[in-house]
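Chemist: Kindly return the folded structure for what I paste below:
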Amino acid sequence: MTLSVQITIIGLGMLLLAAVILAAIQKKISESHALLWIVPCILIILGGIFPQMTYLLSSFFQTEYPPAIIFAFAIIILYLILFQCFKTLSVLTIKNKELASQCAILTKEVKKLKETIQELQQEKEDEKNV
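Modeler: Residues are numbered from 1 along each chain as shown. Down below sits the predicted model:
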């Protein structure tokens, strides 16, 4: 791997890391999602600094094509991120249904209160007229 490729990989990893940290600070993503993104950022930076790790890992897992290890780890990390997103989506869907039912109940109660107020106002007007 040439030095320019290594510098590009390290720079892009640091740029992605800065974007994730900034998004977490601005509350655009949750802390758990930020942690799931920070891990791949660090791995990208380490891969750029120590490209030999790919060859060591490929020999450890006995793969003939060293970049296959990178793809395998990337797929695993993406599945973790996807799982976290689906988990959050599921919780939000349940909360949304709960909120909709509470809104329907509150709407009925407001309607009943308006009717009661109208009845009371009508009774006061009737008393004044008598």
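Chemist: and residue 96, how far is that from residue 27?
Modeler: 20 Å (CB to CB, to the nearest Å). For every residue, glycine as well, the C-beta is placed using N, CA and C.
Chemist: Count residues in the vicinity of the residue lying closest to residue 69 once chain neighbours are set aside, would you?
Modeler: Nearest residue to residue 69, sequence neighbours excluded (CB to CB, 6 or more residues apart in numbering): residue 57, at 4.6 Å. If you count neighbours by other CB atoms under 10 Å, residue 57 ends up with 17.
Chemist: ok, now the one 4 residues further on?
Modeler: Using other CB under 10 Å as the criterion, residue 61 is surrounded by 11 other residues.
Chemist: related to what we said a few turns ago, centre of the chain to the particular helix or strand that has the residue nearest to residue 69 in it, how far?
Modeler: Per DSSP states H and E, residue 57 falls inside helix 52-60. Chain-centre distance of helix 52-60: 32 Å, with CA atoms, centre = their mean, to the nearest Å.
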